[in-house]
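Asker: mind looking at a prediction? Sequence and model below.
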Amino acid sequence: MTKAFLSFIFSLFLFNNFQAQTAKSFLYKGTIDGKITVTFYIKEEENPCTADLMYTSMYRYDKSGSWIQLDITQNKKNKNQFVLVEHGFSGVMILKKEGTNFNGIWISPDSKKQLKVTLKEVRMTKKETESYEDKMEKVNYENNDC
């Protein structure tokens, strides 16, 4: 009985480690329209059903304390192209990944405003990653809690 229990615990530990290794987090800083500074946090992980990559993300204008949740879709034919829709459809971004950076445009919901977006990847400490994870969980809860 003890061997079975220890094997079960060990299996759970390995499974959790495997799950943790498949998720990657990235921080990007840059500008919209060349003058509005922004910070993006993107988490990438493997979809357990399809093995495709799935993304959870948020961003904020640096002068604002509010985070905006993003729904990200990756182009299946060109893996470097992404569409990011702001929660509540307050804007859309079409971005192309070039190395470790993103470039593209932000489009207003009425499509009358189109602004250039430039983002560069920034390294994070483990503590910063945990802080962004907590913020993203809070934003997701605020947007999706019934």
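Answerer: Okay, I see it.
Asker: number of residues surrounding G30?
Answerer: Around G30 there are 21 other residues, counting by other CB atoms under 10 Å. Every residue, glycine included, has its C-beta placed from N, CA and C.
Asker: give me the nearest residue to it, chain neighbours excluded.
Answerer: Ranked by CB to CB, 6 or more residues apart in numbering and with sequence neighbours excluded, the top spatial neighbour of G30 is L119, at 3.7 Å.
Asker: tell me which element K79 is part of?
Answerer: If you go by DSSP states H and E, K79 is not part of any helix or strand.
Asker: swap in F82?
Answerer: In the assignment (DSSP H and E), F82 maps to strand 81-86.
Asker: just checking, next helix/strand downstream of that strand?
Answerer: Counting by DSSP H and E, the element after strand 81-86 in chain order, helix or strand, is strand 92-98.
Asker: report the angle between that next one and strand 81-86.
Answerer: 150 degrees (axes from the mean of the first three to the mean of the last three CA atoms, to 10 degrees).
Asker: in its sheet, which strands sit next to strand 92-98, and in what direction?
Answerer: strand 81-86 (antiparallel), strand 101-107 (antiparallel) (DSSP bridges).
Asker: just how off-centre is that strand within its chain?
Answerer: 13 Å (CA atoms, centre = their mean, to the nearest Å).
Asker: list the buried ones in that strand?
Answerer: Across strand 92-98, burial judged by 16 or more other CB atoms under 10 Å covers 92-93, 95, 97.
Asker: CA atoms of that strand as PDB?
Answerer: Extracted in PDB, the C-alpha atoms of strand 92-98 (Å, rounded to 0.1, in the frame of the first residue of the first chain):
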ATOM      1  CA  VAL A  92      -7.800  44.700 -32.200                       C
ATOM      2  CA  MET A  93      -4.200  44.200 -33.000                       C
ATOM      3  CA  ILE A  94      -2.600  42.400 -35.900                       C
ATOM      4  CA  LEU A  95       1.000  41.600 -35.000                       C
ATOM      5  CA  LYS A  96       3.800  39.800 -36.700                       C
ATOM      6  CA  LYS A  97       6.500  38.200 -34.700                       C
ATOM      7  CA  GLU A  98      10.000  39.100 -36.000                       C
END
